[in-house]
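Undergrad: Could you look at this predicted model? Sequence included:
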Amino acid sequence: MRPALPLLLVATLAAPVLTAQRPPRPTPLQQQYLPVANQLIDAALADSAAWHRIAEMGDRFGPRFSGTPNLEQAIDWIMAEMRRDGLDNVRGEPVMVPRWVRGEESAELLLPRWSKLPMLGLGGSIGTPPGGIIADVLVVSSFADLEARAAQARGKIVLFDVPFTSYGQTVQYRTQGAIAAARAGAVASMIRSVGPFGMQTPDTGGMAYDSTVTRIPHFAITMEDAMMLHRMQDRGQPIRVRVQMAAQTLPDVESRNVMGEIRGREFPDEVIVMGGHIDSWDVGTGATDDGGGVVVAWEAIRLMKKLGLQPRRTIRVVGWTNEENGLRGGNAYRDRHRAELGNHILAIESDGGVFAPTGFGFTGSDAARAIVQQVAGLMGRIGPIAIGPSGGGADIGPIMAEGVPGMGHQVDGTRYFWYHHTNADTVDKLDPLEVARNVAAMAVMAYVIAEMPERLPRS
């Protein structure tokens, strides 16, 4: 008999042969820019400066809604801080913006029992008559459900109790709900808040009217209360609600797009523009939407300045105004800089929160995509950074339509809509290290594209 082999040797012989996978060899671009990428990443991860700046802005000024002193004071502060940081060409470019004022508002359940209903009027809604509106409620699950039951809606408040699936699918009840309800003869309309998570915290956002139907008040209640009212209706219980809203739209006022730069050392007229929108809704402090997006771009070029890095091309950080209820800032930027857009090399927008970074969506030529994918490969230290099939954003959309390549900064959005447009959008929801990793991603992408000898190709 053959002597027994040691068990360890038997296991070794039986195991499949594994071939170690070598990481791909760095490209010449990656070899050239890895040292400066690591320098930027080290600087971004060294402290929590970006998180503290988001916190200070929110704590100092609160909500930054278009047309309010809060927003204009925040812009003044940003310009002063940018100058203190040593940025170039710091300025505010005038933009006329709409002014919707929420006023006092409340909702309460009267039948089948009394209860306060936390609510938020939707941006652009009219108010109620001074004494409010008292009416029975019809709960529907979709536009089709309302159409099928239109005869029951006349004289009532229609509630759209539509569970969150995706923002794009569910937000239509916020934007179009008042139109559909008014067409059915309702006296007001309310929606289940557009988000996957409740905690009795309603959200707000923009809504629309149609000139062919009567304008009616439109507001959001919490996920929990919408589900409760639906259960009451299913039991056959009468539901009556009182709503009072003092909302009104006032004449336009002047605001500003705020910006600062690092001027390019060789091609100062060629620009990489990046940032987010500086306005927020009139609730919370806009930490995730979109104070964080502005600050991570601002911090990225502050670090370049601190490190003595002056790229070949100009990098401009912009806080666009009035993204939330008008997009006036993005359109004004296009109009003011239209003659220069041929020299806008790349536009990067961060408007999805500053949670853990996952990559950038990119819209541009195949040749440019190959380059930005190589740049993304320099960021392995901060996590897998992918380049998605398309990218952009609301504020850079107008200049992308003129041919400027665009990128949307992407993050783990699991929790974004928990806080979006609510009183809970505050800086404590953000992790300082995740914020710093976003700074690093924005800094590396912008700097390398600005520093390359050749322009990012448009075709």
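TA: Good, I have the coordinates.
Undergrad: can you give me the strands in the stretch 51-200 of the chain?
TA: 88-101, 105-111, 115-116, 119-121, 133-140, 157-160, 188-192 (DSSP state E, counting those that start in this stretch).
Undergrad: now the first one, how far from the centre of its chain.
TA: A distance of 19 Å separates the C-alpha centroid of strand 88-101 from that of its chain, computed with Cα atoms, centre = their mean, to the nearest Å.
Undergrad: in it, what counts as buried?
TA: Buried residues in strand 88-101, counted by 16 or more other Cβ atoms under 10 Å: 88, 90, 92-93, 95-100. Bear in mind the C-beta positions are built from the backbone N, C-alpha and C, glycine included.
Undergrad: count of neighbours near the closest residue to Asn38 other than its chain neighbours?
TA: Distances taken as Cβ to Cβ, 6 or more residues apart in numbering place Arg381 nearest to Asn38, at 7.3 Å, with adjacent residues excluded. Residues near Arg381, counting by other Cβ atoms under 10 Å, number 14.
Undergrad: re the thing from before, how about TSV for the strands of the stretch 51-200 of the chain, with distance to Asn325 and mean pLDDT added?
TA: Formatted as TSV, those follow (distance: least, Cβ to Cβ, whole Å; pLDDT from 0 to 100):
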stretch	distance to Asn325	mean pLDDT
strand 88-101	6	98
strand 105-111	17	98
strand 115-116	27	98
strand 119-121	12	98
strand 133-140	24	98
strand 157-160	20	98
strand 188-192	17	98
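Undergrad: now for those strands, which one comes closest to Met82?
TA: strand 88-101 (4.5 Å; Cβ to Cβ).
Undergrad: Parallel or antiparallel, list what pairs with the closest one.
TA: Under the criterion DSSP bridges, strand 88-101 sits next to strand 248-262 (antiparallel) in its sheet.
Undergrad: How about the contacts made by Pro94?
TA: For Pro94, the contacting residues are 254-256, 332, by Cβ atoms under 8 Å, 6 or more residues apart in numbering.
Undergrad: closest to Ile134 among the residues you listed?
TA: Distances from Ile134 to the contacts of Pro94, taken as Cβ to Cβ, are shortest for Ser255 (37.8 Å).
Undergrad: Can I take it that Pro35 is in a helix?
TA: Yes: applying DSSP: H, G, I helix; E, B strand; the rest coil, one finds Pro35 inside a helix.
Undergrad: any idea where the helices of the stretch 1-150 of the chain begin and end?
TA: According to DSSP state H, counting those that start in this stretch, the stretch 1-150 of the chain carries its helices in the segments 7-14, 28-45, 49-61, 69-84, 143-148, 150-153.
Undergrad: Let me know which of those is tucked in deepest.
TA: helix 49-61 (a mean of 20; mean count of other Cβ atoms under 10 Å).
Undergrad: got the angle between that one and helix 69-84?
TA: Helix 49-61 runs at 140 degrees relative to helix 69-84, counting by axes from the mean of the first three to the mean of the last three Cα atoms, to 10 degrees.
Undergrad: how does the chain divide up, domain by domain?
TA: 28-99+252-451, 103-246 (automatic domain parsing).
Undergrad: Can you add distance to Arg22 and give those domains back as TSV?
TA: Converted to TSV, these look like this (distance: least, Cβ to Cβ, whole Å):
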stretch	distance to Arg22
domain 28-99+252-451	15
domain 103-246	39
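Undergrad: which stretches of this structure have low pLDDT?
TA: By pLDDT under 70, the low-scoring segments of the chain are 1-21.
Undergrad: Need the residue closest to the centroid of it.
TA: Centroid check for the chain by Cα atoms, centre = their mean gives Asp351 as the closest residue, at 3.1 Å.
Undergrad: Name the helix or strand for that one, please.
TA: If you go by DSSP states H and E, Asp351 is not part of any helix or strand.
Undergrad: Please enumerate the helices of the stretch 351-459 of the chain.
TA: 366-376, 397-400, 416-419, 432-451.
Undergrad: Would you mind saying which of those helices lies nearest Gly198?
TA: With distances scored as Cβ to Cβ, the stretch of those nearest to Gly198 is helix 416-419 (8.9 Å).
Undergrad: send the alpha carbons of the closest one over as PDB?
TA: The C-alpha trace of helix 416-419 is given here as PDB (Å, rounded to 0.1, in the frame of the first residue of the first chain):
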ATOM      1  CA  TYR A 416     -30.400  60.900  -1.000                       C
ATOM      2  CA  PHE A 417     -34.200  61.000  -1.400                       C
ATOM      3  CA  TRP A 418     -34.700  60.300   2.300                       C
ATOM      4  CA  TYR A 419     -33.800  64.000   2.900                       C
END
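Undergrad: what's it packed up against?
TA: Using 3 or more Cβ pairs under 8 Å, 6 or more residues apart in numbering; DSSP states H and E as the contact definition, helix 416-419 packs against no other helix or strand.
Undergrad: how far does it sit from the chain's center?
TA: 10 Å.
Undergrad: before we move on, what about stretch 48-56?
TA: From the chain centre to the centre of stretch 48-56 is a distance of 18 Å (Cα atoms, centre = their mean).
Undergrad: about what we covered before: in a markdown table, list the buried residues of strand 88-101 along with distance to Ala208.
TA: Shown next, in a markdown table, are the buried residues of strand 88-101 (distance: Cβ to Cβ, whole Å):
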| residue | distance to Ala208 |
| --- | --- |
| Asp88 | 40 |
| Val90 | 36 |
| Gly92 | 29 |
| Glu93 | 28 |
| Val95 | 21 |
| Met96 | 20 |
| Val97 | 18 |
| Pro98 | 13 |
| Arg99 | 17 |
| Trp100 | 13 |
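Undergrad: Sort out which residues of stretch 190-197 are buried, please.
TA: Neighbour counts using 16+ other Cβ under 10 Å place 190-196 of stretch 190-197 among the buried residues.
Undergrad: give the contact list for the residue lying closest to Asn70 once chain neighbours are set aside.
TA: In space, and not counting its chain neighbours, Asn70 is closest to Phe61: 4.9 Å by Cβ to Cβ, 6+ apart. Applying Cβ under 8 Å, 6+ apart to Phe61 gives the contacts 70-71, 73-74, 77, 285.
Undergrad: Any chance of the residues you listed in TSV with distance to Ala181 as columns?
TA: Converted to TSV, the contacts of Phe61 look like this (distance: Cβ to Cβ, whole Å):
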residue	distance to Ala181
Asn70	32
Leu71	31
Gln73	38
Ala74	36
Trp77	41
Thr285	32
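Undergrad: Between these, which sits nearest Gly168?
TA: The closest of the contacts of Phe61 to Gly168 turns out to be Thr285 (Cβ to Cβ; 25.6 Å).
Undergrad: Surely the closest one touches Glu56?
TA: No: the criterion here is Cβ atoms under 8 Å, and Thr285 misses it with Glu56 at 10.6 Å.
Undergrad: any idea what the nearest residue to Gly293 once chain neighbours are set aside is structurally, helix, strand or coil?
TA: In space, and not counting its chain neighbours, Gly293 is closest to Gly276: 2.6 Å by Cβ to Cβ, 6+ apart. With three-state DSSP as the basis, Gly276 sits in strand.
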